[in-house]
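K.L.:
everything below, folded, please.
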Amino acid sequence: MALITAAHLAFTFGILGNVVSFMVYMAPVPTFYKIYKRKSSEGFHSIPYSVALFSAMLYLYYAYLKKNVILLITINSFGCVMEVGFLIIFLVYATYESKIYTAKILFLFNIVAMGLVVGCTYSLSKGQKRVTIVGWICSVFSLCVFVAPLSIMRRVIKTKSVEYMPLTLSLFLTLSAAIWFFYGLFIKDFYIAAPNVVGFLFGMVQIILYLIYKDKKQQNILP
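P.N.:
Below is the predicted model:
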């Protein structure tokens, strides 16, 4: 009987991670369909999608440097496509102020910051040192992706309404974080495993908030 090795487990969790992450990236589809139908971005924010796009781009760069991590390349390529699509829909139906703010965020993160990361790491480091530096940067911005929904969680607590925090997305984010943690653990990659511990904790908090406020009516509270 063949032995189950760490490599086998890593591949299994990598495949599961791709499947669940696919669902995570697809989870906002109903939200953006609602935006399309109402022709308005209403109370939704573009920050989580902007940060998620930047994170996916960073991990694509990390996978390119590290090599032999095709499972990271496949899901983050798909993530980039989905986040760009969501942001385009948001920009079409957002208010003028939201469009300007989102454009500034995209320019700052996806052009300036990404350009600096690639330029500086290629000019100031090489080999394993470059991989390590990019790995740390990926970890930091993965945390940003998990922390980004804090504004939505604050809105849920303030309005006592879960309208802008879909349960499906919270569930898939929590499950995805758990699976990618084990993937990183089995391939012995700290930069993949560590941020997902925080992601799992934030996901659990979102689920708890949903259970607390799911049956309560929204209250009109002035900011």
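K.L.:
from here on, just use CA atoms for contacts and neighbour counts.
P.N.:
Fine.
K.L.:
for the lowest-mean-pLDDT helix or strand in the chain, name the packing helices and strands.
P.N.:
Counting by mean pLDDT, DSSP states H and E, the weakest-scoring helix or strand in the chain turns out to be helix 150-159, with a mean of 76. On a contact count with 3 or more C-alpha pairs under 8 Å, 6 or more residues apart in numbering; DSSP states H and E, helix 150-159 meets helix 190-213.
K.L.:
now with 10 Å, please.
P.N.:
Counting contacts by 3 or more C-alpha pairs under 10 Å, 6 or more residues apart in numbering; DSSP states H and E, helix 150-159 is packed against helix 47-66, helix 190-213.
K.L.:
can you name the element that comes right after that helix?
P.N.:
Counting by DSSP states H and E, the next helix or strand C-terminal to helix 150-159 is helix 167-186.
K.L.:
buried sites along that following helix?
P.N.:
167, 169-186 (16 or more other C-alpha atoms under 10 Å).
K.L.:
give me the angle between that helix and helix 190-213.
P.N.:
With axes from the mean of the first three to the mean of the last three C-alpha atoms, to 10 degrees defining the directions, helix 167-186 sits at 150 degrees from helix 190-213.
K.L.:
and helix 167-186, how far out from the chain's middle?
P.N.:
Offset of helix 167-186 from its chain centre (C-alpha atoms, centre = their mean, to the nearest Å): 11 Å.
K.L.:
just stretch 111-119 next, same as before
P.N.:
Put simply, stretch 111-119 sits 19 Å off its chain's centre (C-alpha atoms, centre = their mean).
K.L.:
ok, stretch 42-49 next?
P.N.:
Distance of stretch 42-49 from the chain centroid (C-alpha atoms, centre = their mean) equals 13 Å.
K.L.:
with stretch 76-90 instead?
P.N.:
Per C-alpha atoms, centre = their mean, the centroid offset for stretch 76-90 relative to its chain is 11 Å.
K.L.:
S40 in helix, strand or coil?
P.N.:
Following DSSP: H, G, I helix; E, B strand; the rest coil, we place S40 in the coil state.
K.L.:
for the closest residue to it other than its chain neighbours, give me the pLDDT.
P.N.:
Closest residue in space to S40, ignoring its immediate chain neighbours: Y93 at 4.9 Å, by C-alpha to C-alpha, 6 or more residues apart in numbering. Y93 is assigned 90 on the pLDDT scale.
K.L.:
same thing with Y61?
P.N.:
pLDDT recorded at Y61 is 93.
K.L.:
wait, it sits on I73?
P.N.:
Yes - between Y61 and I73 a contact is recorded at 8.9 Å, counting by C-alpha atoms under 10 Å.
K.L.:
now do the shared contacts for those two.
P.N.:
K67 (C-alpha atoms under 10 Å, 6 or more residues apart in numbering).
K.L.:
can you tell me how far the spatially most central residue of the chain sits from G203?
P.N.:
Among the residues of the chain, the one closest to the centroid is A52, at 3.9 Å (C-alpha atoms, centre = their mean). Per C-alpha to C-alpha, to the nearest Å, A52 is found 15 Å from G203.
K.L.:
same question for Y96.
P.N.:
The spacing between Y96 and G203, counted by C-alpha to C-alpha, is 32 Å.
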